[in-house]
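Participant: the following block contains a protein sequence and its predicted model.
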Amino acid sequence: MAISTFDTLLQKIDTRNARAGVIGLGYVGLPLAMAVARSGFAVTGFDIDPSKMVALDARRSYIDAVSNEALSAEIEAGRFQATTDFAGLAECDVIIICVPTPLTKHRDPDLSFVEATSRSIAQHLRPGQLVVLESTTYPGTTDDIVKVILEGTGLKSGSDFFVGFSPEREDPGNQNYHTATIPKVVAGDGTEALALMKAFYGAAVSTVVPVSSNATAEAVKLTENIFRSVNIALVNELKTVYAAMGIDVWEVIDAAKTKPFGYMPFYPGPGLGGHCIPIDPFYLTWKSREYELPTRFIELAGEINSAMPRYVVGKLAEALDIRAGKALSRSKVLVIGLAYKKNVADIRESPSLRLIEIIEERGGRADYHDPFVAEIPPTREYQALKGRKSVALTPDAVADYDAVLVATDHDNVDYAALAKSAALIIDTRNVFNRLGLSADHVIKA
């Protein structure tokens, strides 16, 4: 009796003889490739960016979560290689898609990267492969787009090849959790696909959480990020209301979180950044239109969070006028932190970029300092800022600015020295109060 494609692939996975292919070697793909390689699988990484190949060939990681030493170890062990040649997909038994899923300028899902990658896989698809989507998307994408493109080859999901979804849960800069220790939600198109997903990811991560369908797994990731988006919007709105009442929202939150049940602290900021929270909720908003159902909480949260950079610049202009007697249009402002969160170099969707843009729209001049971002790279929305370099944070340089706006509270900034040198500080992260550096010239926003 012939051995089925399922049994053959499951045996390859169980014995670590399966080769994994990871498409997209960015913040999600490269750490995942390392985790899979460390678990004993041979891994081929695929990316269209030649500069990444140059770095990887030199055993130099461009992702904070992957050290040069960890990368070198897997290359030397023969468990990891990288290429721009997608013909190597034919040799892979498990293929994992980790490509971007951005929004269009009209806030509709842009699945062009997922679709193009699926077509590339289809060109090399063969019986006995498991294809997994990890990119965050709306429920139905894996089955209605990836699976359909692959079945266009004439091969059938569930018999010739298998399809699954497992949402990425990377958190850049998190020192407590990494790819292998974060519980992994998995799903598959049918019971055999799910069994393969459990076997493969169970070999690479500490905990696997199976769910009933790919659409459910897709909804899990959206739910996680919508939860954060809505709660951050809530405290951002409370910040504006309490500020009008002369109440410090950070003091309120610190007192509220002493309740041991029924409350979870979220903190306000200058806006949302990163690839997930500012983008993912709108995937569900878009999909819900198909069912003629409104997503009022999600859309309102997006409006509130998107309005925060303009609110912060308004507080900056007000403080300059009242405390320095100077209009924003005649002022020089130093923005502290370009990254969207502290202690990382990730500037995706960073509110700092929008803050700089608004300041300059209003006639001011804005520079930035970020110990992790030496120069602003090309971005789709902020082309005019490309090439600007981080300003050195010396006392003389700081004193030359009319105001300092703290947008990202990196730990390795000397806030005590900043407090001494700056004429006016707008603190969007409550960092000066946390460090006991509150002063009359420090204004929370």
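Facilitator: Alright, I've got the coordinates. Residues are numbered from 1 along each chain as shown.

Participant: what sits against Val94?
Facilitator: Taking CB atoms under 8 Å, 6 or more residues apart in numbering, we find Val94 in contact with Ile13, Ala18, Arg19, Ala20, Gly21, Phe41, Gln129, Leu130, Val132, Phe200. (C-beta placed from N, C-alpha, C; glycine too.)

Participant: what about the fourth one, how many neighbours?
Facilitator: Spelled out, it's Ala20. 26 (other CB atoms under 10 Å).

Participant: you'd agree it is in a strand?
Facilitator: Yes. According to DSSP: H, G, I helix; E, B strand; the rest coil, Ala20 belongs to a strand.

Participant: identify the residues contacting it.
Facilitator: Contacts of Ala20 by CB under 8 Å, 6+ apart are Ala33, Val36, Phe41, Ala42, Val43, Thr44, Cys92, Asp93, Val94, Ile95, Ile96, Phe200.

Participant: can you pick the most crowded of those?
Facilitator: Counting by other CB under 10 Å, top hit in those: Ala33 with 31 neighbours.

Participant: nearest to Gly262, of the contacts of Val94?
Facilitator: Val132 (37.6 Å; CB to CB).

Participant: burial count for the closest one?
Facilitator: Residues near Val132, counting by other CB under 10 Å, number 27.

Participant: report the central residue of the chain.
Facilitator: With distances taken as CA atoms, centre = their mean, His275 lies nearest the centre of the chain, 3.7 Å away.

Participant: per-residue confidence for that one?
Facilitator: On the pLDDT scale, His275 is placed at 73.

Participant: pretty sure it contacts Cys98?
Facilitator: No. With contact defined as CB atoms under 8 Å, His275 does not reach Cys98; the gap is 11.6 Å.

Participant: SS state for Leu334?
Facilitator: Leu334 - assigned by three-state DSSP - is strand.

Participant: now do Asn412 against Ser112, distance only.
Facilitator: The gap separating Asn412 from Ser112 is 38 Å, by CB to CB, to the nearest Å.

Participant: and these two? Which one has more around it.
Facilitator: Set Asn412 next to Ser112 and count neighbours by other CB under 10 Å: Ser112 wins out with 13 against 8.

Participant: nearest to Tyr267, of the contacts of Val94?
Facilitator: Tyr267 lies nearest to Val132 out of the contacts of Val94, by CB to CB, at 34.1 Å.

Participant: with only the CA atoms kept, save the helix or strand harbouring the closest one in CSV.
Facilitator: Assigned by DSSP states H and E, Val132 belongs to strand 130-133. What follows is strand 130-133, C-alpha atoms only, in CSV (Å, rounded to 0.1, in the frame of the first residue of the first chain):
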residue,chain,number,x,y,z
LEU,A,130,3.0,22.3,3.6
VAL,A,131,2.5,26.0,2.8
VAL,A,132,1.9,28.3,5.8
LEU,A,133,0.9,31.9,5.9
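
Participant: for the record, mean pLDDT for that strand?
Facilitator: 98.

Participant: against which helices or strands is it packed?
Facilitator: strand 94-97, strand 162-165, helix 191-204 (3 or more CB pairs under 8 Å, 6 or more residues apart in numbering; DSSP states H and E).

Participant: among these, which is nearest Asn174?
Facilitator: Among the helices and strands packed on strand 130-133, helix 191-204 comes nearest to Asn174, with 18.2 Å by CB to CB.

Participant: pairing partners for the helix or strand just after the closest one, with directions?
Facilitator: Following helix 191-204 in sequence order, the next helix or strand is strand 208-210 (DSSP H and E). In the sheet, strand 208-210 lines up against strand 184-188 (parallel) (DSSP bridges).

Participant: for burial, what's the neighbour tally of Thr136?
Facilitator: Neighbours around Thr136, by other CB under 10 Å: 23.

Participant: still on that earlier bit, what's the closest of the contacts of Val94 to Val391?
Facilitator: Taking CB to CB as the measure, Val391 lies nearest Gly21 of those, at 42.4 Å.

Participant: residues in contact with the closest one?
Facilitator: The contact partners of Gly21, by CB under 8 Å, 6+ apart, come to Val43, Thr44, Gly45, Phe46, Gly88, Leu89, Glu91, Cys92, Val94, Ile95, Ile96.

Participant: helix, strand, or coil at the spatially closest residue to the fifth one that is not a sequence neighbour?
Facilitator: It refers to Gly88. Spatial nearest neighbour of Gly88, excluding adjacent residues (CB to CB, 6 or more residues apart in numbering): Thr44 at 5.3 Å. The assignment at Thr44 comes out as strand when based on three-state DSSP.

Participant: Ala35 versus Thr44, what's the distance?
Facilitator: Counting by CB to CB, the gap from Thr44 to Ala35 is 15 Å.

Participant: could the contacts of Val94 be laid out in TSV, adding distance to Ala193?
Facilitator: Output for the contacts of Val94, formatted as TSV (distance: CB to CB, whole Å):
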residue	distance to Ala193
Ile13	12
Ala18	15
Arg19	18
Ala20	16
Gly21	17
Phe41	18
Gln129	11
Leu130	7
Val132	9
Phe200	11
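
Participant: buried set for the helix or strand bottoming out on mean pLDDT in the chain?
Facilitator: Ranked by mean pLDDT, DSSP states H and E, the helix or strand of the chain with the weakest confidence is helix 281-288, at a mean of 91. The neighbour-count check on helix 281-288 (16 or more other CB atoms under 10 Å) flags Pro281, Phe282, Tyr283, Leu284, Thr285, Trp286, Lys287 as buried.

Participant: where's the closest residue to the fourth one other than its chain neighbours, which helix or strand?
Facilitator: Think Leu284. Leaving aside its sequence neighbours, Leu284 sits nearest to Leu222 (CB to CB, 6+ apart; 4.9 Å). Counting by DSSP H and E, the secondary-structure element that holds Leu222 is helix 214-244.

Participant: now for that helix, which elements pack on it?
Facilitator: Of the remaining helices and strands, those touching helix 214-244 by 3+ CB pairs under 8 Å, 6+ apart are strand 162-165, strand 184-188, helix 249-256, helix 281-288, helix 296-319.

Participant: please identify the deepest-packed of the ones you listed.
Facilitator: Compared across the helices and strands packed on helix 214-244, strand 162-165 shows the largest average neighbour count, a mean of 28 (mean count of other CB atoms under 10 Å).

Participant: mean confidence for that strand?
Facilitator: Mean predicted lDDT for strand 162-165 stands at 98.

Participant: ok, and what's touching that strand?
Facilitator: Strand 162-165 is contacted by residues 6, 9, 129-134, 142-143, 146-147, 150, 157, 186-190, 192-194, 196-197, 214, 217-218 when judged by CB under 8 Å, 6+ apart.
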